[in-house]
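In: when you get a sec, could you give me coordinates for this:
(one chain, ligands or ions: 1)
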Amino acid sequence: MKTVPTPNQTEGRLSPPRVIVIHSTEAPEGPLTAENVANYFAQPSTKASAHVTVDNNSEVRSVADEDTAWAAPGANSDGLQLELAGYARQSRKDWLDDYSLKMLQRAVYVVAAWCKKYSIPPRRLTRAQLRAGEKGLTSHADVTAVYKRSDHTDPGEGFPWDWFITALREELEGKPKTTATKVEEQTLELTDMVPVGEYYASLFRGEKYPLSFVLIASMAEAKLAKHEAASARQEIANLSAQIARVETLIREKETRPQSEASGAFNGPSGP
Ligand SMILES: [Zn+2]
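Out: Numbers count the residues shown, from 1 in each chain. The predicted model follows:
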């Protein structure tokens, strides 16, 4: 993990880490978000910090676990502060898009290491439990509500706590991940499906638009727009294979007698 030291911290702790506080950076999602936020924390004038900031491809440490970050007044002295690339205004869907899933998976590794190191159970505390001094995970919003020493409400209502706690438990128990696949289904977008359906429909109307290139390019571009170069390449590979299969079926249909070819065809269901 990269480290960008900050003067905005207090050496040592008043009490051992008890809570892991989840924040959103409120900065644009990108491959350098964690680095940028850490550089911001490194400026003396910022007067704020976190232990670790995570984006889709890295974790950057600003404060050692043994020292006190300035992040969530009320839960600084016994808190481990984690900044996640994203905005408190994000919906659940935004938090589970390709970029955020990569980021969240990294966050799970960071939090799992803290849970082991400080015997913190992988659970989200209720406000009553937070107030009562119990161990677990919390949000800056709940720290604000309980201690009333700041007005921040991150990481927001849309944050997928259920996904995060499930992924964290699976990580700690060494179980195979169920979260990644579940999320992939949820985030498949209708707009991604429409061009695929149109493409198949045009093929079976007997039209011969050279749509395959347009389709592949637009699907890949949609992935690239979400900073997903690897997914874009995979998309090209998947769609090329799929289109090749359909084109084989069409050639077979064209070479068969009309009566046989008119039977119902249930085409591939899309990616
Ligand atoms: Zn915060």
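
In: show me what from the stretch 51-200 of the chain comes close to the ion.
Out: 140, 152, 154 (Cβ under 5 Å from the ion). Just so you know, the C-beta spots here come from the backbone N, C-alpha and C atoms, and that holds for glycine as well.

In: quick one: pLDDT of the residue of the stretch 101-250 of the chain found nearest the ion?
Out: In the stretch 101-250 of the chain, no residue comes nearer to the ion than residue 140, which is 3.4 Å away by Cβ to the ion. For residue 140, the pLDDT comes out at 97.

In: now swap in residue 221 and tell me
Out: At residue 221, the predicted lDDT confidence score is 65.

In: report the contact partners of residue 74.
Out: Neighbouring residues of residue 74 by Cβ atoms under 8 Å, 6 or more residues apart in numbering: 143, 144, 146, 147, 148, 149, 150.

In: give me the pLDDT value at the second one.
Out: What that stands for is residue 144. Looking at residue 144, its pLDDT is 96.

In: pull out the buried residues from stretch 123-141.
Out: Across stretch 123-141, burial judged by 16 or more other Cβ atoms under 10 Å covers 123, 124, 125, 129, 130, 135, 136, 137, 138, 139, 140, 141.

In: the first one contacts residue 134, correct?
Out: No - in this structure residue 123 lies outside contact range of residue 134 using Cβ atoms under 8 Å: 9.0 Å.

In: now residue 67: how far from residue 81?
Out: Counting by Cβ to Cβ, to the nearest Å, the gap from residue 67 to residue 81 is 11 Å.

In: tell me which of the two has more neighbours.
Out: Neighbours of residue 67 and residue 81, each counted by other Cβ atoms under 10 Å, are more numerous for residue 81; the result is 26 against 15.

In: which helix or which strand is home to the more buried one?
Out: Assigned by DSSP states H and E, residue 81 belongs to strand 79-84.

In: avg pLDDT for that strand?
Out: What strand 79-84 shows for mean pLDDT is 98.

In: residues in contact with that strand?
Out: If you take Cβ under 8 Å, 6+ apart as the criterion, strand 79-84 is touched by 17-25, 34, 37, 49-54, 63, 65, 69, 71-72, 103-104, 107, 110-111, 114, 118, 143, 155.

In: which members of these are classed as buried?
Out: Listed as buried from the contacts of strand 79-84 are 17-25, 34, 37, 49-54, 63, 69, 71-72, 103-104, 107, 110-111, 114, 118, 143, 155; burial here means 16+ other Cβ under 10 Å.

In: domain ranges for the protein?
Out: Following automatic domain parsing, one gets these domains for the chain: 2-183, 188-261.

In: just say which of those is most tucked in.
Out: domain 2-183 (a mean of 19; mean count of other Cβ atoms under 10 Å).

In: show me where this protein has strands.
Out: Assigned by DSSP state E, the strands in the chain fall at 2-3, 9-10, 19-24, 52-54, 59-61, 68-69, 79-84, 136-139.

In: now these in JSON lines, with distance to residue 162?
Out: Converted to JSON lines, the strands of the chain look like this (distance: least, Cβ to Cβ, whole Å):
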{"stretch": "strand 2-3", "distance to residue 162": "30"}
{"stretch": "strand 9-10", "distance to residue 162": "32"}
{"stretch": "strand 19-24", "distance to residue 162": "14"}
{"stretch": "strand 52-54", "distance to residue 162": "19"}
{"stretch": "strand 59-61", "distance to residue 162": "23"}
{"stretch": "strand 68-69", "distance to residue 162": "27"}
{"stretch": "strand 79-84", "distance to residue 162": "16"}
{"stretch": "strand 136-139", "distance to residue 162": "12"}
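
In: mean pLDDT lowest for which of those?
Out: Mean pLDDT per stretch puts strand 2-3 lowest among the strands of the chain, at a mean of 93.
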